[in-house]
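Enquirer: A predicted structure for the sequence below; I have some questions about it.
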Amino acid sequence: MQFVQLNPRVSSQAWQPKIDLDHVESRQRSSKVQAYVKFFVQVNRRTLYRTHEGDLVLLGSQSHHVPSTEGVYFDLDMFKSYDNSCREISILLGYEPEIQEDFHARIADEVICFARNIRNWVSNVGRKVLPIYVNIVVKKDLLHDERYWITRAMRESDMEFERSRYGMVPASQSALKGLLKRVRGGGGCVKGSEAERKCVGERESCTICLEEFEPGSEALCMPCTHIFHAGCIVKWLNQSHYCPVCRLEVPTS
């Protein structure tokens, strides 16, 4: 059973834990109020099966937490500049292999907005360090879609059929000699049977090349009375054994 990896989905939520970091020493500590940012990543994986009728079946699931990286201290004033803070948060997220770069900006926006809000909370007045934890959930799905593989198999079958010239079998040369009758465009019909007497009108065109017949020019007529340029129909019948319009079969032997 073959599976396809679907595009991952990521959700995030920033929150402030009830911890006091005012007395924690840091090489990045300064006299300004700081934010202590730390990420916690959880990865959820599912294996799904979609039946031909469209029903989705869960075959299995697993979840694990990625070992969190160390938290980083930032001056809280950094978050006043959206571009600078977004760049710094994106750098931190780059150390999380489970989080694709496509999601960095979305998570950074969550952190920046939260950092700007908590500095105004009454409970944070007078504090030197404001901890910010960010929970990130990465959802990854493997899917076996029965409809997809059936469609793919049919497409590959059609391509194989096309490569084999649509199963065409050429008409025999002896059949061609007694089959095609010459007719003249724009008058001067050839005497004989009704098919032989058929004249090509000025506005008629060859259904193979779609070009109009020149007045007075000669064309070839099939027994079914469909008319084509001589070169067009001969080339066609050298590859197949039927009329391209009505599918009238021509002997192959």
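Expert: Happy to help now that I have it.
Enquirer: now the strands for the stretch 151-253 of the chain?
Expert: Using DSSP state E, counting those that start in this stretch, the strands of the stretch 151-253 of the chain run over 181-184, 218-221, 227-228.
Enquirer: Would you mind measuring from Ser217 to Arg182?
Expert: According to C-beta to C-beta, to the nearest Å, Ser217 and Arg182 sit 11 Å apart. C-betas here are computed from N, CA, C, even on glycine.
Enquirer: So those two - more neighbours on which side?
Expert: More crowded of Ser217 and Arg182, by other C-beta atoms under 10 Å: Ser217, with 14 against 11.
Enquirer: mind checking pLDDT for that one?
Expert: Ser217 is assigned a predicted lDDT (pLDDT) of 72.
Enquirer: what's the spacing between it and Cys243?
Expert: As judged by C-beta to C-beta, Ser217 and Cys243 stand 20 Å apart.
Enquirer: With His23 instead?
Expert: Applying C-beta to C-beta to His23 and Cys243 gives a distance of 93 Å.
Enquirer: Check what pLDDT the closest residue to Met78 other than its chain neighbours gets.
Expert: Counting by C-beta to C-beta, 6 or more residues apart in numbering, Ser85 is the residue found nearest to Met78 once chain neighbours are left out, at 5.2 Å. pLDDT, Ser85: 93.
Enquirer: ok, now Arg27?
Expert: 49.
Enquirer: Tabulate the strands of the stretch 151-253 of the chain in TSV, adding columns for distance to Ser123.
Expert: Below are the strands of the stretch 151-253 of the chain laid out as TSV (distance: least, C-beta to C-beta, whole Å):
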stretch	distance to Ser123
strand 181-184	97
strand 218-221	93
strand 227-228	88
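Enquirer: List just the one of those strands that sits closest to Thr207.
Expert: strand 227-228 (6.9 Å; C-beta to C-beta).
Enquirer: what's in contact with that closest one?
Expert: 183, 198, 200, 204, 206-208, 213, 219-222, 236, 244 (C-beta atoms under 8 Å, 6 or more residues apart in numbering).
Enquirer: And for Ile150, nearest residue in space, chain neighbours not counted?
Expert: Excluding its sequence neighbours, the residue lying closest to Ile150 (C-beta to C-beta, 6+ apart) is His52, at 6.7 Å.
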